[in-house]
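1. next input, structure requested:
(chains A and B)
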There are 2 protein chains.
Amino acid sequence: MGVKEVVERHLSSWMKEEGPEGDAVLSSRIRLARNLVELPFPRLAQEEYLKRAFNAIRQATENAALEGLGELHFLSLAETPPLERSVLVEKHLISPEEASDVRYKGVILTEDETVSIMVNEEDHLRIQSIRAGLNLESAWETANRLDDFYESRLEIAFSEKRGYLTACPTNVGTGLRASVMLHLPGLAMTDQVRRLVAASGQLGLAVRGLFGEGSEAAGNIFQISNQLTLGHTEEEIVQHLTAVAKQIVQQEREARRAVQEQARLKLEDRIGRAFGLLANARQMTASEAIQLLSELRLGVVLGLVKGLSLKAVNELMVAIRPSVLQKIMGRELEPEERDIHRAALLRECLAGAST
Amino acid sequence: MGVKEVVERHLSSWMKEEGPEGDAVLSSRIRLARNLVELPFPRLAQEEYLKRAFNAIRQATENAALEGLGELHFLSLAETPPLERSVLVEKHLISPEEASDVRYKGVILTEDETVSIMVNEEDHLRIQSIRAGLNLESAWETANRLDDFYESRLEIAFSEKRGYLTACPTNVGTGLRASVMLHLPGLAMTDQVRRLVAASGQLGLAVRGLFGEGSEAAGNIFQISNQLTLGHTEEEIVQHLTAVAKQIVQQEREARRAVQEQARLKLEDRIGRAFGLLANARQMTASEAIQLLSELRLGVVLGLVKGLSLKAVNELMVAIRPSVLQKIMGRELEPEERDIHRAALLRECLAGAST
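-> Predicted coordinates for the structure are as follows:
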């Protein structure tokens, strides 16, 4: 089996799709925060209550299969090796917090990893549904079905007045967070990111980097999400973020066009150099790789890179992350070894391409 | 005709050879300073005397052909377009000073450009003979024959006591300067250049960068030459510099071996990255190009670059110089245009290679 096949095998199937507006949108995600009645929120709960919630959710999940989603697999994080947990974090299937203190924590996954439900993270249940590209409505539909499923099997804390009760007040109400992962090299090159962040804030949206709050926008990847969950219906939240994301995508495309017209040579030079380094380096850190892959992704979208699909770049953007990389290589690696294997992986996967 | 052929056509034939110790020695050069009797040295001479020297030397050169060297072509620099003069400078056939104030200045060239004789530079005659690799003896033999030739046709200033009389006292005596152009990336990487410069000074040798006095050692290229011309025979000077150059070559090879053993990965990474940038950039300055080509040259010598000959890299190291590049492109170019054409030339010439 070649490296490309090994890489594919270790990535969630949705990561390999392009999805709507795939030139600028990597993925869409819906998260619903839900809690069980009569049990304290996980962060305040004694072990006994954590255990009760954990077991109740596990039991409710057992032998469950939803139409079109397949079987739900319950994973106890305490029984999951640290490397596997880091892989889950790097694939955005669980949060870094969920991976660190693992007592009575779990994650429920579908085979294709478009669904991941965190158990006993900030809330008892955090139902997440993911899609490639801009497709919040479809993600919402799936999350909604999962919500119905768990409501039919568990007693979920809900107040007629305030809606779903959650550990953090910002989640009370719908408990819904919709987010979109955007690739915005055009806006970054034309210095419009600051403006975007300010405008998003005014629209009640938050902008974050690739790995959530406080993380830098490595590779010009930005995550945009709603800040408030109260006072709007789920449909309104989804529609609002979708509309804003579409506008940002338009702005990004215009920025790319502007750069192509006004600084085409500089753009081609940047993309050519990024490709040259990715295809020839012998050691490369994850942060250099993500930055260069961002340039390369733009090159693929603009047709400036031959012999390489957008899907392949999307895959590489995940495959080069430290834990995913170790998983692909089949063993734990020292940081320096990782840099070597990362460079080798990139070289092999870019072998047929050119600028 | 492809770019590679066009490049070849514009380079001196000796530049395309590898020559002895070609892994570390680019070229060897002998220069003899000679002056005509009864005429002041050029820098102090009024126009009338410059003209007399110029005409006398032109006359002596006309219709001259030496066995194995072919015809001697006399070029009046005042009648040579500025771009052509810059090309001569970049090919090290004339000095920058010779190219700037061109009244009654000339250069005499053989077809293969292994001989270039500057007329009315610091001295009336500066006979230069060039060889690829380390081959001072052969260069000396040719210079000697040219010296005999001009002595048979002109009255050369010579004192039994002091030897050949020259404008600068450091050249009095034999009037001979022997120099070797070395490529020393191994010594540079292992921080041994400072030591080399100090040691050379103690041996009566001077170390300079690629473009003579005061120029930086761009691309880890160093020129080593004798400082004094008095008190030693020509043979002694040539033998001494040859012996020192051989020692430096040994040290350079050891440094390369040490880097390969102790930092092989770092070395391969540097060479891979240099190749990746050279083969994919869309604009590149001459100074970036020479630095990267230096790394690439080392890669070729060490067998880390496939599909590329040392000859090809040697050619590129000259072809990317601003004026030579314009000559190859067949027209004058703005600096930014040059950077574009330079990158395109490199890309085309490196198309079949890989690391």
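
2. only C-alpha atoms from now on, for both contacts and neighbour counts.
-> OK.

3. name the SS class of the nearest residue to residue A:282 once chain neighbours are set aside, please.
-> Once flanking residues are discounted, residue A:282 sits nearest to residue B:269: 4.3 Å by Cα to Cα, 6 or more residues apart in numbering or on different chains. Secondary structure for residue B:269, judged by DSSP: H, G, I helix; E, B strand; the rest coil, is helix.

4. and the residue of the stretch 101-250 of chain A nearest chain B?
-> As assessed by Cα to the nearest Cα, chain B sits closest to residue A:189 within the stretch 101-250 of chain A, at 17.5 Å.

5. so how far is residue B:97 from that residue?
-> Per Cα to Cα, to the nearest Å, residue A:189 is found 44 Å from residue B:97.

6. show me what the helix or strand where residue A:339 lies packs onto, helices and strands only.
-> Under the criterion of DSSP states H and E, residue A:339 resides in helix A:335-349. Here helix A:335-349 touches helix A:3-9, helix A:264-280, helix A:322-329, going by 3 or more Cα pairs under 8 Å, 6 or more residues apart in numbering or on different chains; DSSP states H and E.

7. what separates the residue nearest to residue A:96 when sequence neighbours are not counted from residue A:75, distance-wise?
-> Excluding its sequence neighbours, the residue lying closest to residue A:96 (Cα to Cα, 6+ apart) is residue A:89, at 5.9 Å. According to Cα to Cα, residue A:89 stands 14 Å off from residue A:75.

8. what's near enough to touch residue A:339?
-> A:282, A:283, A:284, A:285, A:286 (Cα atoms under 8 Å, 6 or more residues apart in numbering or on different chains).

9. try it again with 10 Å
-> A:281, A:282, A:283, A:284, A:285, A:286, A:289, A:320, A:322, A:325, A:333, A:345 (Cα atoms under 10 Å, 6 or more residues apart in numbering or on different chains).

10. over to residue A:119: give its phi and psi.
-> phi -110, psi 130 (degrees, to the nearest 10).

11. I'd assumed residue A:53 was in contact with it.
-> Yes. The pair residue A:119 and residue A:53 passes the contact test of Cα atoms under 10 Å, sitting 8.3 Å apart.

12. joint contacts of those two?
-> With Cα under 10 Å, 6+ apart, residue A:119 and residue A:53 have common neighbours A:35, A:42, A:104, A:105, A:125.

13. and residue A:189 and residue B:97? Which one has more around it.
-> residue A:189 (14 against 11; other Cα atoms under 10 Å in any protein chain shown).

14. surely the more buried one touches residue A:256?
-> Yes. Between residue A:189 and residue A:256 there is a contact at 8.6 Å, judged by Cα under 10 Å.

15. spell out which residues are contacts of both of these two.
-> With Cα under 10 Å, 6+ apart, residue A:189 and residue A:256 have common neighbours residue A:267.

16. who has more neighbours out of residue A:89 and residue A:75?
-> Ranked by neighbour count (other Cα under 10 Å), residue A:89 and residue A:75 place residue A:89 first, with 19 against 16.

17. so who does the more buried one touch?
-> A:83, A:95, A:96, A:97, A:98, A:99, A:211, A:323, A:324.

18. let's see if you can find the most crowded of the residues you listed.
-> Neighbour counts for the contacts of residue A:89 peak at residue A:323, which has 25 neighbours (criterion: other Cα under 10 Å).

19. which SSE is the closest residue to that one other than its chain neighbours in?
-> Distances taken as Cα to Cα, 6+ apart place residue A:87 nearest to residue A:323, at 5.1 Å, with adjacent residues excluded. Assessed by DSSP H and E, residue A:87 sits inside helix A:82-90.

20. alpha carbons of stretch A:287-295, as PDB, please.
-> C-alpha atoms of stretch A:287-295 as PDB (Å, rounded to 0.1, in the frame of the first residue of the first chain):
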ATOM      1  CA  SER A 287       3.600  25.000  11.500                       C
ATOM      2  CA  GLU A 288       5.700  25.500   8.500                       C
ATOM      3  CA  ALA A 289       3.900  22.800   6.600                       C
ATOM      4  CA  ILE A 290       0.400  24.200   7.400                       C
ATOM      5  CA  GLN A 291       1.500  27.700   6.200                       C
ATOM      6  CA  LEU A 292       3.000  26.400   3.000                       C
ATOM      7  CA  LEU A 293       0.000  24.000   2.400                       C
ATOM      8  CA  SER A 294      -2.200  27.000   2.700                       C
ATOM      9  CA  GLU A 295      -0.400  28.700  -0.200                       C
END
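
21. any idea how far that stretch is from the chain center?
-> 17 Å (Cα atoms, centre = their mean, to the nearest Å).

22. pull out the buried residues from it.
-> A:289, A:290, A:291, A:292, A:293, A:294, A:295 (16 or more other Cα atoms under 10 Å in any protein chain shown).

23. likewise for stretch A:78-90?
-> A:78, A:83, A:84, A:85, A:86, A:87, A:88, A:89, A:90.

24. could you do stretch A:258-278 as well?
-> By neighbour count on 16+ other Cα under 10 Å, the buried set for stretch A:258-278 is A:259-260, A:265, A:267-278.

25. so which other helices or strands are in contact with the strand ranked longest in chain A?
-> Taking DSSP state E as the criterion, chain A has its longest strand at strand A:25-34. Contacts defined by 3 or more Cα pairs under 10 Å, 6 or more residues apart in numbering or on different chains; DSSP states H and E place strand A:25-34 against strand A:115-119, strand A:125-132, helix A:136-153, strand A:163-164, strand A:176-183, strand A:221-226, helix A:234-262.

26. ok so, going back, which of residue A:119 and residue A:53 has more neighbours?
-> Taking neighbours as other Cα under 10 Å, residue A:119 and residue A:53 compare with residue A:119 leading, 30 against 26.

27. residues touching that one, list them.
-> A:34-35, A:42, A:50, A:53-54, A:57-58, A:74-77, A:94, A:98, A:104-108, A:125-127.

28. then residue A:355?
-> A:268-269, A:271-276, A:296, A:299-300, A:303-308, B:279-282.

29. a markdown table for the contacts of residue A:339, including pLDDT?
-> As requested, the contacts of residue A:339 are exported to a markdown table (pLDDT from 0 to 100):
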| residue | pLDDT |
| --- | --- |
| A:281 | 98 |
| A:282 | 97 |
| A:283 | 97 |
| A:284 | 97 |
| A:285 | 96 |
| A:286 | 94 |
| A:289 | 96 |
| A:320 | 94 |
| A:322 | 94 |
| A:325 | 95 |
| A:333 | 94 |
| A:345 | 96 |
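
30. report the two of these separated the most.
-> A:281 and A:333 (18.6 Å; Cα to Cα).

31. what are the buried residues along the helix holding residue A:339?
-> A:338, A:339, A:340, A:341, A:342, A:343, A:344, A:345, A:346, A:347, A:349.

32. okay, the angle between it and helix A:322-329?
-> 60 degrees (axes from the mean of the first three to the mean of the last three Cα atoms, to 10 degrees).

33. isn't the residue nearest to residue A:323 right up against residue A:93?
-> Yes. Using Cα under 10 Å, residue A:87 is in contact with residue A:93, at 8.6 Å.

34. if we can go back for a sec, let's see which of the buried residues of stretch A:287-295 end up in helices.
-> A:289, A:290, A:291, A:292, A:293, A:294, A:295 (DSSP state H).

35. what about the closest residue to the third one other than its chain neighbours, neighbour count?
-> Spatial nearest neighbour of residue A:291, excluding adjacent residues (Cα to Cα, 6+ apart): residue A:219 at 4.1 Å. Using other Cα under 10 Å, the number of residues around residue A:219 comes to 23.
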